[in-house]
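Undergrad: sequence first, predicted coordinates after that:
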Amino acid sequence: MSERIDALKYLRDDSFFESVVLPNIEKYRKGNASIIIKDSFGNAINNFEITVTQKSHEFKFGANIFMLDELETEEKNRLYKEYFKTTFNMATLPFYWNTLENKRGKPRYDKDAPKWYRRPPIDLCMEFCLKNDIEPREHGLAYENMFPEWLSNASISEIKEALIKRYEEISTRYADKIHTIEVTNEMDWQKGATPFYSEPDFIEWCFKKADFYFPGNQLVINEWTEAAWGDNCRTTDKYYAYTEAAKLKGCRIDAIGMQFHMFYNRDEEIEKSSYLYNPKSLYSHMDLYSNLAENLQVTEITIPAYSNDEKDEAIQAEILKRLYYIWFSHPKMDQIIYWNLVDGYAFVRNPTPEEIRRTQGNMTIGENQYYGGLLRFDLTPKPSYFMLNDLITKKWHTSLKLNANIDGRVDFRGFFGDYDIEIKLGDKIIKKEISLLKNKNNHFDFTV
């Protein structure tokens with residue numbers, strides 16, 4: 001009889017990690033930098049000590065922020081924010097049209113807008129992100145499955161007119177603040193709530209309008225797990241084919257979004273692991289989709305623990321650790337976004353207060369049944385949270401203390417991101433900041 005640990009069979013392929021994953025992290029996620037300190041006459045100084053401390057990643061690690069100030073106690077809300085900002089530098093914001101503008105002409109952008117479960121107002125999210133140096137990410141610009149009910153009987157021309165108004169509003173308010181705009185989502189999975197979805201130009205129209213209203217933003221297409229990772233890994237796969245067709249029609253698609261929700265029960269997990277937990281299969285899919293866009297993004301991740309049992313939580317952490325290593329190592333990947341930070345708050349469509357109370361903490365309902373959060377319902381961290389925090393803030397992090405060489409130069413190799421520099425020159429301490437960036441000349445001269 002198989003046991004759950006058998007799902008790790010492929011992920012524990014150390015030969016692939018040693019030959020591909022670890023070398024690629026060193027090659028693609030780090031860069032060389034040099035610092036020269038000169039005096040006011042332009043002469044290099046060589047008698048200094050320098051401390052280099054990374055303070056942020058260029059790469060984006062995130063989660064959705066749908067429970068911001070949505071929990072039932074102030075202490076839970078405080079802990080949620082603390083755990084979020086301690087680990088992540090990106091947050092997915094809920095731009096779902098049906099809850100952002102449930103009443104026509106009355107969008108819920110303002111931070112004091114009426115509450116909606118799992119859909120905090122956008123400005124409240126923006127305030128939190130700005131305060132904590134977290135980059136916001138737009139989710140669901142033209143997500144047809146989340147079109148508002150007031151469009152259900154509208155004609156195609158009326159839908160397009162309403163979408164243009166939505167694009168204009170979001171662009172005016174947020175285009176200069178939110179770099180990543182996710183245009184379409186789950187086209188392979190949606191059933192089509194409006195007639196516009198069935199039109200042959202749906203994707204083309206949505207992306208070309210997005211290109212017009214968001215000319216300086218990164219435009220993303222997004223698709224569910226099986227479409228992104230579970231097909232035959234050929235150019236004839238549906239997701240690849242429809243994305244390629246859109247690009248051939250002139251659509252600007254800058255990044256390919258690839259969901260990774262393991263919404264499968266225990267009995268299915270081992271079977272699914274043969275490709276979803278298989279490093280070689282994952283790499284093949286990332287290599288394939290690299291042909292279509294400059295960047296790849298794992299946009300929505302749920303790795304189940306299935307219970308709060310110690311062994312189950314340990315397996316969740318190991319699976320997640322190895323997956324993050326694989327994704328982080330691929331040269332085209334630029335964002336990895338976990339989904340629900342905390343257990344017990346599954347999505348409820350148009351919830352009443354009674355339905356919210358009934359579902360909160362009920363681990364048999366909806367997505368709750370997978371125990372896929374990084375925090376338990378009581379907001380205590382699981383091993384998976386500690387593991388991710390350790391990877392992002394310690395293992396994939398550069399802190400060095402160096403001495404200048406005879407030419408007054410310091411060379412180092414570090415993970416891409418922003419750094420604090422502390423120069424000790426005699427009894428003086430001089431502080432500077434640098435950004436070590438991918439595909440840049442990372443040479444820095446300072447005059448002291």
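TA: Perfect, I can see it now. Not measured: the values here are computed from a predicted model.
Undergrad: and the nearest residue to Cys125 once chain neighbours are set aside, how many neighbours does it have?
TA: Spatial nearest neighbour of Cys125, chain neighbours left out: Leu93 (4.8 Å); criterion: CB to CB, 6 or more residues apart in numbering. Where you see a C-beta, it was placed from the backbone N, CA and C, and this is true even at glycine. Applying other CB atoms under 10 Å, we find 26 residues neighbouring Leu93.
Undergrad: so what touches whatever helix or strand Leu93 lives in?
TA: Under the criterion of DSSP states H and E, Leu93 resides in strand 90-94. Contacts to strand 90-94, defined as CB atoms under 8 Å, 6 or more residues apart in numbering, come from residues 60-66, 84, 100, 118-120, 122, 125-126, 128-129, 134-140, 178, 299-300, 335, 337.
Undergrad: those residues in strands, which ones?
TA: Among these, the members falling in strands (DSSP state E) are 60-64, 135-139, 299-300, 335, 337.
Undergrad: ranking the residues you listed by neighbours, who comes first?
TA: Thr299 (29 neighbours).
Undergrad: which phi and psi does the residue nearest to that one when sequence neighbours are not counted have?
TA: Computed as CB to CB, 6+ apart, the closest residue to Thr299 that is not its neighbour in sequence is Gly257, at 4.1 Å. Dihedral pair for Gly257: phi -90, psi 130, per degrees, to the nearest 10.
Undergrad: residue contacts, Gly257?
TA: Taking CB under 8 Å, 6+ apart, one finds 182, 185, 220-223, 228, 297, 299 in contact with Gly257.
Undergrad: buried sites along stretch 7-25?
TA: 7-8, 10-11, 13, 16-17, 20-21, 24-25 (16 or more other CB atoms under 10 Å).
Undergrad: so how far is it from its chain's centroid?
TA: 22 Å (CA atoms, centre = their mean, to the nearest Å).
Undergrad: and what of stretch 120-137?
TA: That offset, for stretch 120-137, works out to 14 Å (CA atoms, centre = their mean).
Undergrad: same check on stretch 250-266?
TA: With CA atoms, centre = their mean, you get 11 Å for stretch 250-266.
Undergrad: check stretch 260-277 too.
TA: 21 Å.
Undergrad: swap in stretch 427-438?
TA: 28 Å.
Undergrad: buried set for that stretch?
TA: Under the neighbour-count criterion of 16+ other CB under 10 Å, stretch 427-438 has 434, 436 buried.
Undergrad: tell me which stretches of the stretch 201-350 of the chain form strands.
TA: Using DSSP state E, counting those that start in this stretch, the strands of the stretch 201-350 of the chain run over 218-223, 255-258, 260-261, 295-302, 333-338.
Undergrad: for the first one, give the mean pLDDT please.
TA: This points to strand 218-223. Average pLDDT, strand 218-223: 98.
Undergrad: strand partners of that strand, parallel vs antiparallel please.
TA: Here strand 218-223 has these sheet partners by DSSP bridges: strand 180-185 (parallel), strand 255-258 (parallel).
Undergrad: and the helices in the stretch 151-300 of the chain?
TA: Using DSSP state H, counting those that start in this stretch, the helices of the stretch 151-300 of the chain run over 156-174, 202-213, 225-229, 238-248, 266-276, 279-289.
Undergrad: compare those helices and report which one is nearest to Leu79.
TA: The closest of these to Leu79 is helix 156-174. By CB to CB, the value is 27.7 Å.
Undergrad: and for that closest one, what's in contact with it?
TA: 95, 97, 101, 107, 109, 122, 126, 136, 138, 141-142, 147, 151, 154, 194-196, 199, 205-206, 209-210, 213-214.
Undergrad: show me the shaky parts of the protein.
TA: For the chain, the stretches with pLDDT under 70 are 1-2.
Undergrad: domains in it, as residue ranges please.
TA: What automatic domain parsing lists as the domains of the chain is 17-53+403-447, 59-395.
Undergrad: save these as JSON lines, and put in distance to Glu3 too.
TA: What follows is the domains of the chain, written out as JSON lines (distance: least, CB to CB, whole Å):
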{"stretch": "domain 17-53+403-447", "distance to Glu3": "23"}
{"stretch": "domain 59-395", "distance to Glu3": "9"}
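Undergrad: good, wrapping up.
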